[in-house]
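A.B. asks: need a 3D model of the following:
(2 chains)
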Amino acid sequence: MLPVLNIGPFALYTPGLILLLGGWLILQVVGRAARIYQLDGDRLEIVVFIALLAGVIGARLGYALMAWPSYVADPWALFSRDLQAFFPPAGVATAIVIGGLMLWRQRWPLWPTLDALAPGIALAALTHAIAQLASGDGYGLPAEVPWAINLWGEWRHPTQLYAALTALIALVVWRVRYRQPQPPGMLFLTVSALLAAGTLIGEGFAATGWLLPGHVRGSQVVALAILVIIVRIWSEIFPQHNYR
Amino acid sequence: MNKTQRDWLTLMLMIAGIGWIVISRPPDLPPVTVSPRPGFVAPAIALPQANGETLPLSALRGQVVIVNFWASWCGPCRAEMPTLEKLYQAERERGLTILAVNSTVQDDEVAVAAMQREFGLSFPIVFDRDGETGQRYGVRMLPTTFIVDRTGVIREVFFGGPLSEASLRSVIEPLLGE
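C.D. replies: Alright, predicted model coming up:
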């Protein structure tokens, strides 16, 4: 856990640095993947960059909306340097909506584009997991398993590492399979299913997170819903053809 | 995969998924571990004020406490002090207090007194002369601000600053209502 990195007289907020680096890597990976699928990599990089930027703005606006009386009284606080004044789910939703709208208006082919975005999604999950590891957020429940890590005097599930491992597996699967003949969209759905399954299982050991009534973790419910949707649409969009 | 297979797979997935979600629900236990992190009991603070009297954090139990680590030479710390004072004046009746922990190990008490006069700071200021409390709180950046609820549990940590009144209020308003 290293939330703050001291370099000489400078103190840098490590999760912020990791997110910046992750954002840059996502742009690079998505651009290259797009070229593999004969798409315009430069244009897709621009779309993803705008979506990421919109995500940052959306996360700040989402945070402000949750505490709107405070921000109505002091609207300039929207532009403050508070590094924690962001609501990530609102940022993700904004990035998806803005990116999706741009792709739709520019008439990008749906499934090949999603295949090109798949490694970016896996990389985003990996970046999030490493940023959480650095900040110490998203830690696990107390555990006695051999691979438990000692956090603040207690042995706990390394839930950030579970999430990072899931994202790495998704990235490796994409890397191994991206040149194999397969119907468009299959890689995107495979990567999404792996991330959702990893979240459903791994979050079961998390001590933090968004709780629904009944102490049910919201992230697990969303992950299960994504898995069910993927199973339902899989056979619809991939009729049994031999692509080899 | 035909339609029947798909339906079965969906059903099995939902049974297994919902089962796991229910089994793995986090226990509803009050935090007992002491650590400078959200969700944990705040580490003890017992530091002297300028008049020599020790003000322990435990004496403020029952109030929402903003524990602010700062130094007089730190620009963002200076910039957020008026905000903290304004908030303290506005909300102290509702049970908000501020414990300003000066990182005296890297500061000068004369400069602290001058700054207190300059900004008209009325909340308690304590001196961390050996830096031990800052170390226990894992402070590696000034300012670092911990929001502690009425039961002594840390609910939010802000690294860096200056903090805006809005983001402080977004955290303390629900806590003042608890």
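A.B. asks: burial count for residue 166?
C.D. replies: Using chain A. 23 (other C-beta atoms under 10 Å in any protein chain shown). (Each C-beta comes from the backbone N, C-alpha and C, glycine too.)
A.B. asks: the intended chain is chain B.
C.D. replies: Counted by other C-beta under 10 Å, the residues lying close to B:A166 total 25.
A.B. asks: where's it relative to chain A, distance?
C.D. replies: Distance, B:A166 to chain A, by C-beta to the nearest C-beta, to the nearest Å: 3 Å.
A.B. asks: identify the residue nearest that residue in space, chain neighbours excluded?
C.D. replies: Counting by C-beta to C-beta, 6 or more residues apart in numbering or on different chains, B:A166 lies nearest to A:A77, which is 3.4 Å off, once chain neighbours are set aside.
A.B. asks: and the one you found, which of the three is it?
C.D. replies: Assigned by DSSP: H, G, I helix; E, B strand; the rest coil, the conformation of A:A77 is helix.
A.B. asks: most residues in a single helix of chain B, which one?
C.D. replies: Longest helix in chain B by number of residues (criterion: DSSP state H): helix B:3-23.
A.B. asks: report pLDDT for A:Q182.
C.D. replies: We have a pLDDT of 87 for A:Q182.
A.B. asks: ugh, typo on my part, it should be B:M1
C.D. replies: Looking at B:M1, the pLDDT reads 68.
A.B. asks: now B:D108. Nearest residue, chain neighbours left out?
C.D. replies: For B:D108, ignoring the flanking residues on the chain, the nearest one in space by C-beta to C-beta, 6+ apart is B:S72 at 7.0 Å.
A.B. asks: now the strands for chain B?
C.D. replies: For chain B, the strands defined by DSSP state E cover B:46-48, B:54-56, B:64-70, B:96-102, B:125-127, B:144-148, B:154-159.
A.B. asks: got those strands as a markdown table, with distance to chain A and mean neighbour count columns?
C.D. replies: A markdown table is the format used below for the strands of chain B (distance: least, C-beta to the nearest C-beta, whole Å; neighbours: other C-beta atoms under 10 Å in any protein chain shown):
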| stretch | distance to chain A | mean neighbour count |
| --- | --- | --- |
| strand B:46-48 | 20 | 16 |
| strand B:54-56 | 21 | 14 |
| strand B:64-70 | 12 | 25 |
| strand B:96-102 | 14 | 23 |
| strand B:125-127 | 22 | 22 |
| strand B:144-148 | 8 | 25 |
| strand B:154-159 | 5 | 21 |
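A.B. asks: quick one: which of those strands is nearest A:A122?
C.D. replies: Shortest distance between A:A122 and the strands of chain B, using C-beta to C-beta, is found for strand B:154-159: 28.0 Å.
A.B. asks: and that closest one, how far out from the chain middle?
C.D. replies: Computed by C-alpha atoms, centre = their mean, to the nearest Å, the chain-centroid distance of strand B:154-159 equals 4 Å.
A.B. asks: wait, B:L13 touches A:I229, no?
C.D. replies: No - with contact defined as C-beta atoms under 8 Å, B:L13 does not count as touching A:I229 (10.8 Å).
A.B. asks: okay, the two: which has more neighbours?
C.D. replies: A side-by-side neighbour count of B:L13 and A:I229, using other C-beta under 10 Å, places B:L13 first with 18 against 15.
A.B. asks: run through chain A and note the low-pLDDT ranges.
C.D. replies: Applying pLDDT under 70 to chain A picks out residues A:239-244.
A.B. asks: you'd agree A:W111 is in a helix?
C.D. replies: Yes - counting by three-state DSSP, A:W111 falls inside a helix.
A.B. asks: which elements pack onto the longest helix of chain B?
C.D. replies: Packing contacts for helix B:3-23, counted by 3 or more C-beta pairs under 8 Å, 6 or more residues apart in numbering or on different chains; DSSP states H and E, involve helix A:186-202, strand A:216-217, helix A:218-237.
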